[in-house]
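> Requesting a structural model of the entry that follows:
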Amino acid sequence: MGVAAQQMKTDLLVLGELCVDLIIPVCREIRFGQHEQVVETTTLTMGSSSAITACGAAALGTSTVLASVRGDDTFGRYLDAELRRRGVGTTLVRVDATRPTGASTHLTRPDGDRAILTSLGSIGCTSAVDVPDAILKTFRHLHIGSYFLQRGLWPDAPGLFARARTLGLTTSLDGNFDPALSWDSGILAVLQTTDVFFGNEQEICGVARSADVRAAINTLLEVMPLGAIVVCKLGADGATATRRDGQGQRTDAAGIPETVGEIVDTVGAGDTFAAGFITARLREMSVAESLAVAVSCGSASTRGSGGVSAQPDWATAQTLAATVRVAQSRG
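Residues are numbered from 1 along each chain as shown. All right, here's what the predicted structure looks like:
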């Protein structure tokens, strides 16, 4: 495809769930028995892996549209306004008046750990029908977040990714946590046409049915197309990106930026990480460079409450990425 044709396309289509996040920091165990406990703050903000990734990409200057479903309620109207304010296109967000908008309550601890209580509502109602080929072909890249919550996509996701690649799009998938702990829902079939798969160690091992993360990455790469990448998010230890090419297997490993600031919470850090990696790849950066941008974006996002309040712009991400060390190995 020529440069002019590429420039006419929108960079990124994110397909997935939409919900609000209620962020509540807690410093001690929650007590039941009608005990009232005072907390420092409660923050209402943009939630959901897919929407946070879309907002993160838009903050980096990537032209981005979200395809999703929301309710016709207060939370849904709030999310619509927030997406628009943050530069994310909402023309493919469908309103379902029969369902409430999804919502997640995050009980966060100072060490970065958290418990998440989610009422699904409209989460999982997005389907492949929402993005016919006439729409799909106007984008450069297709990303699905929180795969294990996308019940409406499970039957058709493999075909959707296959169609996307036929139409010239690259594809990425973020599994996130599986509440059912089955680590299935047809994900291996989707990976056959996935260019980049994001997951943490638990998620990658769960999908691959392996207790060893290196073996798990190898298993997934054997399913994925030649040249595909498995990105393993390691939290405070950074991340790795492993791919198979004509010369064998190569892994890039990146730590976090040297100076970012104090952690407020880790909500949405992995989703903002994905936004950074996708954006860098769309800018034709190498895997190593893209990984440095990704860990910078994820780290920066932890310096604000919720998933979107501290997402960096491109200049900030580049400045942080310049302090990230990336080591490369083959094996």
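> which residues does the residue nearest to Ser104 when sequence neighbours are not counted contact?
Ranked by CB to CB, 6 or more residues apart in numbering and with sequence neighbours excluded, the top spatial neighbour of Ser104 is Thr118, at 4.4 Å. All C-beta spots, glycine's among them, are computed from the backbone N, C-alpha and C. By CB atoms under 8 Å, 6 or more residues apart in numbering, the residues touching Thr118 are 19, 102-105, 179.
> Could you do Arg330 as well?
By CB under 8 Å, 6+ apart, the contact set of Arg330 is 247-251.
> how about the helix or strand hosting Gln328: buried residues?
Element membership of Gln328, judged by DSSP states H and E, is strand 326-330. By neighbour count on 16 or more other CB atoms under 10 Å, the buried set for strand 326-330 is Val326.
> what do you get for stretch 84-101?
Residues of stretch 84-101 classed as buried: 86, 88-90, 92-93, 99-101 (neighbour count, 16+ other CB under 10 Å).
> Of the contacts of Arg330, just say which sits nearest to Pro158.
Nearest to Pro158 among these is Gln249, at 24.5 Å by CB to CB.
> what's the neighbour count on Trp314?
17 (other CB atoms under 10 Å).
> Quick check, it in contact with Gly61.
Yes: Trp314 lies in contact with Gly61 (CB atoms under 8 Å); the separation is 4.9 Å.
> list residues touching both of these two?
The contact sets of Trp314 and Gly61 overlap at Thr279 (CB under 8 Å, 6+ apart).
> Show me the contacts of Arg330 that map onto helices.
Using DSSP state H, no member of these sits in helices.
> measure the most centrally placed residue in the chain to Ala67 for me?
Geometric centre of the chain, nearest residue: Asp271, 3.4 Å, by CA atoms, centre = their mean. Applying CB to CB, to the nearest Å, the value for Asp271 to Ala67 is 16 Å.
> Ok, Cys19 next?
According to CB to CB, Cys19 stands 15 Å off from Ala67.
> And Asp174, by the same measure?
To Ala67, Asp174 is 15 Å away according to CB to CB.
> ok, which stretches of this structure are strands?
For the chain, the strands defined by DSSP state E occupy 10-15, 19-25, 43-47, 64-71, 88-96, 102-108, 114-119, 139-144, 170-174, 196-200, 229-233, 239-245, 248-254, 326-330.
> Those into a markdown table, with extra columns for mean pLDDT and distance to Val223?
Converted to a markdown table, the strands of the chain look like this (pLDDT from 0 to 100; distance: least, CB to CB, whole Å):
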| stretch | mean pLDDT | distance to Val223 |
| --- | --- | --- |
| strand 10-15 | 98 | 21 |
| strand 19-25 | 92 | 30 |
| strand 43-47 | 92 | 30 |
| strand 64-71 | 98 | 25 |
| strand 88-96 | 98 | 29 |
| strand 102-108 | 92 | 30 |
| strand 114-119 | 89 | 28 |
| strand 139-144 | 98 | 16 |
| strand 170-174 | 98 | 12 |
| strand 196-200 | 98 | 9 |
| strand 229-233 | 98 | 10 |
| strand 239-245 | 94 | 11 |
| strand 248-254 | 93 | 14 |
| strand 326-330 | 92 | 21 |
